[in-house]
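Asks: Quick one: sequence plus predicted model below, questions after.
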Amino acid sequence: EITTRLVGSEMCIRDRYKLDKIKTRKFRKYRIRGKIFMHAIEKLLAAKSQREEVHAGEIVNCDIDYVGINDLYYQTVKSFYEMGGKQVVHPERVILFFDHYAPCATEKQADNHKRFRAFAKEQGITHVMDIDKGVCHQLMADYGFSKPGEIVVITDSHTTTHGAFGAFGTGVGATDLAVIMATGKLWFMVPKVIRINLTGKLPVGVYAKDVILYVIGSVKADFGVYKAVEFTGPVVKELSISERMALCNMSTEMGCKAAYIQPDEVTFAYLKEHGITDYTVYETDPDYIYDADLTYDVKQLTPQVAVPFSVDNVFPIVNEEGIPVNQAYLGSCTGGRTPDFAIAAKILKGKHIAEGTRMILVPASKKVLEECMEKGYIKTLLEAGATLTAPGCAACLGIHQGLLAEGEACISSTNRNFPGRMGSVKGRVYLGSPATVAASALQGKITDPTPYLKGE
C-alpha cells in the first residue's frame with residue numbers, strides 16, 4: 001500500500017496559512033507567516049557554510065568534517081599534486097581505506113597500496129585502515145567518525161550510508177576529493193528532500209533490505225537524482241542502527257545524493273556505547289515542505305528480490321522462488337554486519353548448504369568478524385559449509401574473492417546487480433536480504449526465509 005503526495009509548485013497547505021513562494025537565482029524557499037522553514041539537512045549545510053539559512057538549489061561551499069579515500073582512487077593523490085597541492089590542510093580528517101583490494105590480487109593493486117602508504121607518511125595522515133580493517137562505511141561507524149550534524153565525503157557512491165547517524169554523507173570522484181584535501185572545503189548544490197514514511201510493522205522474515213528494494217522498485221532508479229531522502233515513521237523508529245544503515249546505503253540506487261534519518265534514542269544509545277558525545281543534532285521545521293512525500297505501509301510486505309540486471313527490477317520472492325543459485329554471498333557495506341550474520345547462523349544452525357552451491361562470508365569489518373566469532377556465528381556458518389574471506393568489499397565489485405563464471409547465478413546481500421558486477425557479464429546476480437541469502441544457500445535455489453524464522 002503506497003500513498004504518494006507530490007509537492008512543490010502544486011503544493012497546497014492548510015487554508016489557515018498563506019504560502020508565499022519566492023524564486024531567487026533558480027532556487028526555492030517557502031515562507032509561511034513571514035517565517036522561512038528549513039530541513040535538518042539545510043540547517044546542517046548552512047552551519048558548515050557559515051550561513052544562517054540555505055535552500056534547495058543554492059550553491060554552498062562547506063567545511064568538510066571527514067574525508068575518505070578508498071584504494072580504487074589513487075587518482076585522488078595524483079589530482080592533489082596536479083592542482084599544486086603541497087600539504088593536506090587537515091590530515092587528521094583524512095582516512096585512507098584499503099577495502100576494495102583487501103588483500104591485493106594483482107601487482108597493480110599492491111602498488112596502489114604502496115603509494116597510498118607513502119602518501120600517508122609524507123602528509124601526516126594517521127588514519128590508515130589497512131587490509132585487515134574492512135569496508136569504509138562500516139569502519140566510519142566502528143571508529144566513531146559517523147555522527148549527527150557532520151559532513152562525510154568519501155570516494156564511494158554508498159556514502160549515503162552515514163545518513164543513518166544524522167550526518168550528510170555523499171560520494172564524490174577523485175578531483176572533488178583532492179579539492180577537499182587542498183582546501184578543507186567542497187561546494188554542493190543544496191538538494192531538495194524527499195520524505196519516505198514507513199508505517200505498519202515488519203512481518204517475520206522481512207528486513208530493511210526488503211523495504212528499500214521495494215521502495216527502489218516502486219520509484220525506480222532515477223527518482224531521487226541529486227535529491228536527498230529522509231526515512232521516517234514508526235517502522236524506522238524500531239530499526240537498529242545496522243538496519244538503518246542498510247536503508248540509507250541503498251538510497252543511492254534510486255539516485256539520491258544523500259540520505260537522512262533523524263537521530264533519536266537508538267542513535268544516541270549507539271553513540272554513547274562508542275564513547276561519542278561531541279555532535280550536533282539538527283531538527284526539521286514542522287512546516288518544511290518536502291519535494292515529495294511517500295508513505296509505505298509495510299505490514300503486508302514479503303521478502304523482495306532484485307533480479308538481473310538492475311536494482312530497480314524488483315519482485316516479491318514468490319515470483320523468483322526455485323531459481324537455482326551457484327553462489328550465496330553474505331557481506332558488504334549493505335549486508336555484512338553482525339546482525340546479518342546472526343540471522344544467517346540462525347537459519348543454518350545444524351544444517352548444511354546445498355550440494356553444488358557455495359556460500360561466501362565477508363564481514364564488513366574486523367570488529368564485525370570478532371563479534372561474530374565471539375558469538376559463535378562464524379563457527380556455525382563454517383560448519384554449514386560456508387567459506388570465510390577477509391573483511392572488505394571482495395566480490396561485491398567483481399575484483400576477487402567470489403567471482404562468477406559465465407552462466408552462474410548468485411543470491412547476494414550486496415547492493416548492485418549490473419552485468420559483470422560480480423564477475424562474468426553473463427553471470428546473474430540476485431539481491432536479497434541476509435535471511436534470503438542464507439535460506440537460498442540452504443536450498444540451493446532462491447528461497448523465502450520466512451518458514452525458517454517462525455517464532456522469531
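Replies: In hand now; what should we look at?
Asks: give the contact list for residue 59.
Replies: Contact analysis of residue 59 by Cβ atoms under 8 Å, 6 or more residues apart in numbering lists 187-190. To be clear about C-beta, it is placed using only N, CA and C from the backbone, and glycine gets the same treatment.
Asks: Try it again at 6 Å.
Replies: 187, 189 (Cβ atoms under 6 Å, 6 or more residues apart in numbering).
Asks: From residue 191, how far out is it?
Replies: Using Cβ to Cβ, to the nearest Å, we find residue 59 at a distance of 12 Å from residue 191.
Asks: Check residue 403 too.
Replies: The value you get for residue 403 to residue 191, if Cβ to Cβ is used, is 36 Å.
Asks: between these two, who's got more neighbours?
Replies: The neighbour comparison of residue 403 against residue 191 (other Cβ atoms under 10 Å) goes to residue 191, with 24 against 17.
Asks: before we move on, which element is residue 117 in?
Replies: Using DSSP states H and E, residue 117 sits in helix 107-123.
Asks: tell me how far that helix is from the chain's mean position?
Replies: In terms of Cα atoms, centre = their mean, to the nearest Å, the centre of helix 107-123 is set 26 Å apart from its chain centre.
Asks: Any buried residues in that helix, and which?
Replies: Neighbour counts using 16 or more other Cβ atoms under 10 Å place 109, 112-113, 116, 119-120, 123 of helix 107-123 among the buried residues.
Asks: what about the longest strand in the protein?
Replies: Ranked by residue count and defined by DSSP state E, the top strand of the chain is strand 192-199.
Asks: State whether residue 231 is indeed within a helix.
Replies: No: Residue 231 is assigned strand when assessed by DSSP: H, G, I helix; E, B strand; the rest coil, not a helix.
Asks: And the pLDDT at it?
Replies: Listed pLDDT for residue 231 reads 98.
Asks: tell me, how many neighbours does it end up with?
Replies: Number of residues near residue 231 (other Cβ under 10 Å) recorded here: 26.
Asks: likewise the one 5 residues further on?
Replies: Here the number of neighbours of residue 236 (other Cβ under 10 Å) works out to 23.
Asks: Could you list the buried residues of the one helix or strand it maps to?
Replies: Following DSSP H and E, the helix or strand that holds residue 236 is helix 234-238. Residues 235-236 are the ones in helix 234-238 that count as buried (16+ other Cβ under 10 Å).
Asks: Same check on stretch 144-164?
Replies: 144-156, 158-164.
Asks: average pLDDT across it?
Replies: 96.
Asks: swap in stretch 416-432?
Replies: 92.
Asks: contacts for it?
Replies: By Cβ under 6 Å, 6+ apart, stretch 416-432 touches 305-309, 395, 398, 403-406, 408-412.
Asks: CA atoms of that stretch as CSV?
Replies: This file holds the C-alpha atoms of stretch 416-432, laid out as CSV (Å, rounded to 0.1, in the frame of the first residue of the first chain):
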residue,chain,number,x,y,z
ARG,A,416,24.2,-3.9,-7.1
ASN,A,417,23.4,-6.5,-9.8
PHE,A,418,24.5,-4.9,-13.0
PRO,A,419,26.1,-7.1,-15.8
GLY,A,420,29.6,-8.1,-14.8
ARG,A,421,29.2,-6.7,-11.3
MET,A,422,30.5,-9.9,-9.7
GLY,A,423,32.5,-11.4,-12.5
SER,A,424,31.3,-12.6,-15.9
VAL,A,425,28.9,-10.3,-17.8
LYS,A,426,27.0,-13.4,-18.4
GLY,A,427,26.7,-14.2,-14.7
ARG,A,428,23.5,-13.2,-12.9
VAL,A,429,23.2,-11.5,-9.5
TYR,A,430,20.0,-11.5,-7.5
LEU,A,431,19.8,-9.2,-4.5
GLY,A,432,18.0,-10.1,-1.3
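Asks: Could you pull out the strands in the stretch 151-300 of the chain for me?
Replies: Taking DSSP state E, counting those that start in this stretch as the criterion, the stretch 151-300 of the chain carries its strands at 151-154, 168-171, 185-189, 192-199, 227-232, 258-260, 292-297.
Asks: And the furthest pair within the buried residues of helix 107-123?
Replies: 109 and 123 (21.3 Å; Cβ to Cβ).
Asks: For the closest residue to residue 430 other than its chain neighbours, what are phi and psi?
Replies: Distances taken as Cβ to Cβ, 6 or more residues apart in numbering place residue 411 nearest to residue 430, at 4.8 Å, with adjacent residues excluded. Main-chain torsions, residue 411, degrees, to the nearest 10: phi -100, psi 130.
Asks: same deal with the one 3 residues further on?
Replies: Its backbone dihedrals place residue 414 at phi -80, psi -170, with angles given as degrees, to the nearest 10.
Asks: So which of the contacts of stretch 416-432 sit within strands?
Replies: Using DSSP E, 305-306, 409-412 are the members of those that sit in strands.
Asks: which one of these is nearest residue 178?
Replies: residue 412 (32.4 Å).
Asks: Not including adjacent chain positions, what is the nearest residue to that closest one?
Replies: Spatial nearest neighbour of residue 412, chain neighbours left out: residue 329 (4.1 Å); criterion: Cβ to Cβ, 6+ apart.
Asks: Pull the contacting residues for that neighbour.
Replies: The contact partners of residue 329, taken as Cβ under 6 Å, 6+ apart, are 360, 402, 410, 412.
Asks: Now with 7 Å, please.
Replies: By Cβ atoms under 7 Å, 6 or more residues apart in numbering, the contact set of residue 329 is 360, 395, 402, 410, 412-414, 437.
Asks: partners of the longest strand of the chain, with directions?
Replies: Sheet pairing of strand 192-199 (DSSP bridges) gives strand 227-232 (parallel), strand 292-297 (parallel).
Asks: Quick one: closest of these to residue 77.
Replies: That would be strand 227-232 among the strands paired with strand 192-199, by Cβ to Cβ, at 29.6 Å.
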